[in-house]
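Novice: What would the 3D arrangement of this be:
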Amino acid sequence: MGAVVDDVGRRGRRRLAPGQAAAMAQTRIPKAQGENVNAYPYYSIIRYQLTITAGPTPGSFIYNLAKGETRRAFGYAIGDQMGVAGFPGTQVANDLDTNLVNKSQTNSGQTVRARGISVYVPSDSDPILLKLLSERLSITLAMNGEENKFRLGRLGFLPGGGGLNGGGNSVLTKPGVYDQQTLVAFGANGLPGRENFYPLPFPVIWKRAGQADSTLVLITELQKTINFRLDSRLAGGVDSGIEAWAPPSVEGEVGTYVDLVFRLHTVQVAKRSVNL
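Specialist: Have a look, this model is predicted:
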């Protein structure tokens with residue numbers, strides 16, 4: 001069968017399926033401007049790790065996070081050490097931690113329009129510590145070598161984009177005498193999986209390297225000290241059913257930290273590659 005042509009002799013275009021049309025619309029490159037537009041996220045992880053010291057009695061431990069402790073998301077890149085983010089200084093960032101190629105700068109010469117921020121809490125974080133941090137951490141978006149600052153309030157203002165939500169098992173509270181762990185419930189701002197985010201009153205423009213507004217970090221600061229004590233419990237007598245229990249005693253154990261992955265919800269514009 002011959003191709004269908006219109007009344008001026010042009011070949012007709014094959015009709016696209018709805019899904020194909022939608023995909024093309026989302027990835028369309030505006031050729032006239034020679035620019036590539038997309039909406040891939042920028043993300044960066046930080047950690048708040050409790051310091052652990054021996055308590056006044058055998059089997060007791062003191063847990064502490066000091067007021068004033070700061071972390072800097074987007075302050076490191078893939079391949080950099082992560083001390084500014086609260087991890088051991090020898091730990092090197094990979095794709096799970098961030099997608100920045102150069103710290104505090106956009107990738108591939110992009111200009112980024114950030115319209116909102118959300119936080120993803122990895123599920124191995126402790127819910128008790130998360131509850132404490134949610135009301136004690138302040139969030140600040142800083143640009144131009146931290147000269148320009150946008151104070152966004154407390155961590156609890158930011159919706160959760162996924163991860164730990166609603167509750168989880170905690171080792172930072174003594175369980176019932178017949179248990180080894182405690183299920184702790186807590187509220188979250190937003191519903192994970194629904195792409196909730198904190199909408200910025202005005203979009204923040206993160207420029208390509210070499211221009212004004214070309215460096216960005218997200219600073220968290222602990223505004224109140226966190227300090228508490230936990231005591232071990234000996235097992236009961238035969239047939240008592242009372243379980244022995246000991247709180248975590250080594251920094252880095254699951255239950256002694258909270259990780260926070262901050263995500264910028266963005267639209268990005270970059271010069272088209274000659275290879276596209």
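
Novice: shouldn't residue 260 be in contact with residue 72?
Specialist: No. With contact defined as C-beta atoms under 8 Å, residue 260 does not reach residue 72; the gap is 12.0 Å. C-beta coordinates here come from the backbone N, C-alpha and C atoms, glycine included.

Novice: got any residues that touch both of the two?
Specialist: Shared contacts of residue 260 and residue 72 (C-beta atoms under 8 Å, 6 or more residues apart in numbering): residue 46.

Novice: Please say which of the two ends up with more neighbours.
Specialist: residue 260 (28 against 21; other C-beta atoms under 10 Å).

Novice: Spell out which helix or strand contains that one, please.
Specialist: Using DSSP states H and E, residue 260 maps to strand 257-271.

Novice: Who are the contact partners of residue 226?
Specialist: Going by C-beta under 8 Å, 6+ apart, residue 226 touches 50, 63, 64, 65, 129, 132, 133, 136.

Novice: And the next helix or strand past the lowest-mean-pLDDT helix or strand in the chain?
Specialist: None of the helices or strands of the chain scores lower by mean pLDDT, DSSP states H and E than helix 18-27, at a mean of 46. For helix 18-27, the following helix or strand on the C-terminal side (DSSP H and E) is strand 35-38.

Novice: Give the buried residues for that next one.
Specialist: Of the residues in strand 35-38, 36, 37 count as buried by neighbour count, 16 or more other C-beta atoms under 10 Å.

Novice: Report all helices and strands that it contacts.
Specialist: In terms of contacts (3 or more C-beta pairs under 8 Å, 6 or more residues apart in numbering; DSSP states H and E), strand 35-38 is packed against strand 257-271.

Novice: Now do the strand it packs on: distance to the chain's middle.
Specialist: 8 Å (C-alpha atoms, centre = their mean, to the nearest Å).

Novice: so residue 74 makes contact with residue 41?
Specialist: No. Judged on C-beta under 8 Å, residue 74 makes no contact with residue 41 at a distance of 12.0 Å.

Novice: Which residue of the two possesses the greater neighbour count?
Specialist: Taking neighbours as other C-beta under 10 Å, residue 74 and residue 41 compare with residue 74 leading, 26 against 13.

Novice: can you tell me which residues contact the more buried one?
Specialist: Shown in contact with residue 74 (C-beta under 8 Å, 6+ apart): 42, 44, 98, 100, 103, 104, 216, 217, 218, 262.

Novice: Low-confidence regions, the stretch 1-150 of the chain specifically.
Specialist: In the predicted model, the stretch 1-150 of the chain carries pLDDT under 70 at residues 1-34.

Novice: which residue ranges form the strands in it?
Specialist: 35-38, 42-49, 51-54, 60-65, 70-73, 111-121, 137-143, 148-154 (DSSP state E, counting those that start in this stretch).

Novice: Quick check on the residue lying closest to residue 78 once chain neighbours are set aside: phi, psi?
Specialist: Using C-beta to C-beta, 6 or more residues apart in numbering and skipping the chain neighbours, the partner closest in space to residue 78 is residue 93 (5.4 Å). Phi and psi for residue 93, reported as degrees, to the nearest 10, are phi -70, psi 140.

Novice: who's in contact with residue 93?
Specialist: For residue 93, the contact set (C-beta under 8 Å, 6+ apart) comprises 76, 77, 78, 79, 80, 81, 82, 85.
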